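**Student:** have a look; sequence and predicted model below, questions after that.
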Amino acid sequence: MSRSFLFLPGNNPGSLQNLDIFNADSIIIDLEDSVTFDTKDEARDLVYHFLSKFMFKTPSIYLRINDISTPFFNDDIDVLDSLEFKGYVLPKATKESVISLSKKTDKSIIALLETPMSLVKSEAIISLKQVDAVLLGAEDLTTAMKIESTVSRQEITYVRSKLALECAAHETLFIDTPYTDKDDLAQLKNDCLQAKILGANAKSIIHPNHVDVVNTVFSPTTHQIANAKRILKKAETHQKGAFNLDGKMIDKPIINRAKNLIAQAKKYQLL
Amino acid sequence: MFQIKEVLLEEEKAKVIHFLHENNLDYETDIDYTIMVYDEDELIATASLARNVMKCFLVKKSYQDQNITGRMFRHLETILEARSIEHFFVYTDPTNADIFESFNMNVIVETMNTVLLEGNKNINQVLHLLKKEYDISDAKKSAVIINANPMTLGHMYLIEKAALESEELLVFVVSEDASSFPFEDRFMIIKNATEHLHNVTVLPTSNYLVSKITFPKYFLKEDQLIKDEQTLIDVLVYKEYFVPIFKINKRYLGKEPYSYNTNKYNEILQSHLGNHIKVIERKESDNKPISASLVRKLIKRNNLEKVKKYVPKATYDYLQSTRGQKIIEQIQSKTLRRH
Amino acid sequence: MNVSAGSYESNDCLITLEPAAELECIIHSVVKEQFGEQIELVLKQTLAGHNITHVKLVINDKGALDYTIKARLETAIRRMRDLDE
Amino acid sequence: MTKKPIIFSYKQLPEEIDIHDFKNISFHHHLRNGDTVLNNVLQIYENEHVKKLNLFPSAIFPAYTKILDLLKNNQINGITTNYMNGPVADYLSHQPLPGKITMQTHGGRARRILNNQTTLDIAYIASPYVDPYGNAIGYKGKSVFGSMGYAIADAQKAKIVVLITDKLIDTKLEDPEIDGSYVDYILQVDSIGDTQGIVSGTTQITTNPIGVKIAKQTTSLIKELGLLKNGFSFQSGAGGISLRVTENLKEEMVHLGITASFFSGGITQYHVDMLEAGLVDKLYDVQCFDLAAINSLRKNTNHMPISASVYANPEDPNQVIKDLDIVILGATEIDYDFNVNVTTDSHGKIIGGSGGHSDTASESKVSIIVSPLIRSRIPLIKERVTTITTLGKHIDCLVTERGIAINPKRQDLIDKLSKTNLPLKTIKQLQEEAFKYTKQPKKLKKYDTMIGDIQDRTNKIIDHLYKK
């Protein structure tokens, strides 16, 4: 249900202790790319002691652990799994690594798809019941494919569309790749709109100053809210089964979606 | 996000040198490790290591309030840890002294353009310990500071002359291992050669004097001339720490007719210490002043008979030993260096 | 051989451990006047939790909160033990 | 008008002026860290062993190290200023003066000089562009610094006025900032300083996420208070968060299609851009914080240099800030009663001073403090601030990254905000939030050797400085 997933470096106390002020719906505490090889243990200990001391209802907390090919994968889970947090972001996810992770934890899993092979086999990963969301990692993907990142992001149109379609089919959340230029908020907005048009539900973020733009773009629109209100209003008088609204069939799943949307709008102070 | 990268390629090194030059800084030739800090594609900072000395710190002006120096310092600290070097130094601009003091470094000395700091040890403690270890009294005494690479009759003459004129004499041997003859061997030769002089104590300079730290350019080739500024640090360390701690009231120097750099050093010592300095004429043999470089030249040419004329017995005995033979081989296999 | 963990960043601290004949805590902190005693308490409790009594600990604190001080010390302790093995 | 006598070197000063007899000497700080006049003049006082001096610099910056030498030589009796930081401030925090330190406000300093309560003997005025008649402006010449606002009262009242310049022109200046009729001597030197030195590290808009968050909350607060309407007036200073608020307001103003009547105080590029975009009618400039502001003074007729008196003297009929709607200010500490400290750190060391803080807080309709709730484990909010710079009765709002506190005295503001989504909290609640992270800091012992006074703008003493 989040619009924004903000990455914060796991070995930086200044960022950790302020993670709840940036208005992000979810925070991804990073133990992977932003933590250098020789400070992996420092970051893990820091996150452990931070989450042992401070609890958060909002935002939701995810941990990006190290991938399964590293010696840190098991350490990260063994040390941190007992703590209160929402779930894991698994880098370089494959079907096998998601299954390995899910055997070690009951927490939610966001699969980070960032290798060409993971994109080829993405549906197999998305269809796993343990996967609650998919995050596109376009930087690593384009590097692996030896193609340049462009401002227009034309080069990832296909993978965005592919993931959007597969996520929709399996009712899984699709989180778009982050925008990397921290100062260009206008272009960030274009990037968000493009991802949304193609079917992304949310966006990951690597700089706190991007949160507002992302939240705005991925919030339910006033039109969507109005429509959901109408559905729920009508549903009050039709206790059972499906009913007709403006010539359309409204059934249980649609009512539930409307309820979710209204709950979301309230949470985001749009109502 | 800032990224720290180490310099690996020649073009990276060239880029760092250019960056330093733009800011009126030199890339020192003894550097063995350099890092660059990038903000995206922009080089914004650099710092280097020369063995146990951090130097050539530079942070682009617009980034100066973001603790980049702290990150570079921490990075270099871990490199030193990995190299098992505990005692280390920082050379920097005096305006940066505060920053390094906030990382627990102590200022040793400061000149107009440079400040020298040390980490994990304190020169006062080190020298007091040394004083205790060698059981040095609190009476007034003289000092000689020599590298003796290797010891010649010239050194012998200087020491004997100074010992004769003084109640007590300290012979400091340069601890830096940057010479043909290793420190331990140079030290042992001098000890043996001065055994008969009862008022002489031989002891190491322990990093602080005429070392690559206080005096990096001293160990360069003659054509790279030393500047007053670098010598000044060495002079100040001597004046502010060695003199008061060891109660030295006279320092004897050998006159150096050939080496421009040694002469320059002597001159600067005299200008800062005045009467404290006493220069002794160089001992001559066959109208030729005896110098260690001459001896090394002869060793290089394998003319050991001639060497015998210029060195004390202790040096000659050493050269005959297995240890000495090894060094001779090394010298002969290499092109000659000055020290 | 000493080990260390942490950084000189604001809100962080750098802790160095070195084997010693007895327990010694040296505290450098930008907030020593207000929090020096609290920092010492956290350090000593954490060391005691590991039964460590023969160590010289130096902390250079740039305004770290208790959890950070504790975490950095835990890392340093583990690194020291890994070194011993 | 008569031509003024010209002195050709600092060394000749004692030949012309009895520097031993005239003890009260003043300087201005417009060249900030680039100023060389203060050091060079005081070098003469050191050479001549002048004792028992009373210094009246409008502010003291880290570069003003000659003061330190005079202090060590025991040549200084008292110092009156509006702001100080750097080595001089450090020294004064530990070593009491024979006399005392008096910390004033920009308006209070002008007021006291103009109503003759402060007697200035000699005013040394660094002036970038001077004519032979002693007329001067600050926004032309080779060492330009823009407005000469803080020096004008000094010029009008000091017994002897010396302009120090590195650009003496031949023709008569029209419309000068310093009127030549007050001037006694012109001292011509090679350089009065480095213009680049006026740009301080703080005049950069913040990109720090916490600062950005505070600025955003502040912008929402201003909107919700209904202050953002056509013709409003605003002062932001040059702090990173304040400048971010200014930028946010700019976007809102464009969006709403409104314009402001004036911005006042220290002026930066950000303010100039808005003037040139037609978003604000006038800039009243008492001090330029960057080169863009200086350039603007030269070319924009609606960008006007004003004196410290016109800026903030409560007795000046033309006082600009009495019409101010909103001021954004900083704080190193704030307490339960909303008293603000920007003069010392929490250890009692002098690190700043009021400047226009207390002036603008007193006059503006709404004064807003912006600050992080925690800096390096030190919570912003105290039961009682270490030193009072501005009394709590003049402070209306505090905006932090973890919420907004409104002074209970402003029930009208609280009423306006009660139905909004803004995260309103009491100041004690905010303090508790901070303690959740930092724990409660140990109360530091109060020092007891008094070394100086803090005045408000009416020159009433509101607190004291103590020796650390």
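**Tutor:** Arrived safely, thanks for sending. All values reported here derive from a predicted model rather than from experimental measurement. Residues are numbered from 1 along each chain as shown, chains lettered A, B, ... in the order given.

**Student:** where's A:Ala235, which helix or strand?
**Tutor:** helix A:222-237 (DSSP states H and E).

**Student:** helices or strands up against whichever helix or strand comes after that helix?
**Tutor:** Sequence-wise, the next helix or strand beyond helix A:222-237 is strand A:243-245, with elements assigned using DSSP H and E. Under the contact criterion of 3 or more Cβ pairs under 8 Å, 6 or more residues apart in numbering or on different chains; DSSP states H and E, strand A:243-245 touches helix A:222-237, strand A:248-250. (C-beta placed from N, C-alpha, C; glycine too.)

**Student:** right, so of these, which gets closest to B:Asn303?
**Tutor:** With Cβ to Cβ as the measure, helix A:222-237 is the member of the helices and strands packed on strand A:243-245 nearest B:Asn303 (97.5 Å).

**Student:** what's the nearest residue to D:Ile210 once chain neighbours are set aside in contact with, if anything?
**Tutor:** In space, D:Ile210 comes closest to D:Glu401 once its chain neighbours are excluded; the distance is 4.9 Å by Cβ to Cβ, 6 or more residues apart in numbering or on different chains. Contacts for D:Glu401 (Cβ atoms under 8 Å, 6 or more residues apart in numbering or on different chains) come out as A:18, A:21, D:210, D:213-214, D:217, D:372-373.

**Student:** highest neighbour count among those residues?
**Tutor:** The residue in those with the most neighbours, by other Cβ atoms under 10 Å in any protein chain shown, is D:Ile214 (27 neighbours).

**Student:** so how far is chain C from that residue?
**Tutor:** Plainly put, D:Ile214 is 17 Å away from chain C if you go by Cβ to the nearest Cβ, to the nearest Å.

**Student:** now for the helix or strand where that residue lies, which elements pack on it?
**Tutor:** In this structure, D:Ile214 is located in helix D:209-224 according to DSSP H and E. Using 3+ Cβ pairs under 8 Å, 6+ apart as the contact criterion, the neighbours of helix D:209-224 among helices and strands are helix D:240-256, strand D:366-370, strand D:397-400, helix D:411-417.

**Student:** do you know which of those lies nearest chain A?
**Tutor:** Each of the helices and strands packed on helix D:209-224 has some distance to chain A by Cβ to the nearest Cβ; the shortest is strand D:397-400, at 9.4 Å.

**Student:** is the next helix or strand after the closest one in proximity to chain A?
**Tutor:** If you walk from strand D:397-400 toward the C-terminus, the next helix or strand you reach (DSSP H and E) is strand D:403-406. No - counting by Cβ under 8 Å from any Cβ of the partner chain, no contacts exist between strand D:403-406 and chain A, the nearest distance being 9.6 Å.

**Student:** quick one: strands adjacent to strand D:403-406?
**Tutor:** strand D:397-400 (antiparallel), strand D:424-425 (parallel) (DSSP bridges).

**Student:** chain center to that strand: distance?
**Tutor:** Once both centres are worked out by Cα atoms, centre = their mean, to the nearest Å, strand D:403-406 turns out to sit 26 Å from its chain's centre.

**Student:** contacts for the helix holding A:Ala235?
**Tutor:** With Cβ under 8 Å, 6+ apart as the test, helix A:222-237 has contacts from A:220, A:243, A:245, A:250, A:254-255, A:257-259, A:261-262, A:265, A:270-271.

**Student:** rewinding a little: how much space between the residue nearest to D:Ile210 and A:Asn74?
**Tutor:** Relative to A:Asn74, D:Glu401 is positioned 37 Å away (Cβ to Cβ, to the nearest Å).

**Student:** count of neighbours near B:Ile145?
**Tutor:** 19.

**Student:** tell me who's in contact with B:Val144.
**Tutor:** Each residue near B:Val144 by Cβ under 8 Å, 6+ apart is listed here: B:158-159, B:162, B:169-172, B:251-252.

**Student:** same question but for B:Leu127, I mixed them up
**Tutor:** When contacts are counted by Cβ under 8 Å, 6+ apart, B:Leu127 touches B:206, B:208, B:241-242, B:245-246.

**Student:** ok, which of those residues also contact chain C?
**Tutor:** Among the contacts of B:Leu127, no residue lies close to chain C (Cβ under 8 Å from any Cβ).

**Student:** can you pick the most crowded of the residues you listed?
**Tutor:** When neighbours are taken as other Cβ under 10 Å, the top entry among the contacts of B:Leu127 is B:Tyr208 (24 neighbours).

**Student:** what about B:Phe163, how many neighbours?
**Tutor:** For the record, residue B:163 is Ala, not Phe. There are 21 residues near B:Ala163, going by other Cβ under 10 Å.

**Student:** now it: which helix or strand?
**Tutor:** If you go by DSSP H and E, B:Ala163 is part of helix B:153-165.

**Student:** which other helices and strands does that helix contact?
**Tutor:** The helices and strands touching helix B:153-165, judged by 3+ Cβ pairs under 8 Å, 6+ apart, are strand B:141-146, strand B:169-173, helix B:183-193, strand B:248-254, strand B:277-280.

**Student:** ok, D:Lys11 touching D:Glu48?
**Tutor:** No - the pair D:Lys11 / D:Glu48 is not scored as a contact, 10.1 Å apart, by Cβ atoms under 8 Å.

**Student:** off-centre distance for the helix holding D:Ile214?
**Tutor:** 23 Å.

**Student:** ok so, going back, can you list the helices and strands packed on helix D:209-224 in TSV and add mean pLDDT?
**Tutor:** As requested, the helices and strands packed on helix D:209-224 are arranged in TSV below (pLDDT from 0 to 100):
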stretch	mean pLDDT
helix D:240-256	95
strand D:366-370	98
strand D:397-400	98
helix D:411-417	96
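
**Student:** as a markdown table, these with mean neighbour count and distance to B:Tyr63 would be great.
**Tutor:** Rendered in a markdown table, the data for these read as follows (neighbours: other Cβ atoms under 10 Å in any protein chain shown; distance: least, Cβ to Cβ, whole Å):
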| stretch | mean neighbour count | distance to B:Tyr63 |
| --- | --- | --- |
| helix D:240-256 | 20 | 15 |
| strand D:366-370 | 25 | 24 |
| strand D:397-400 | 26 | 27 |
| helix D:411-417 | 14 | 39 |
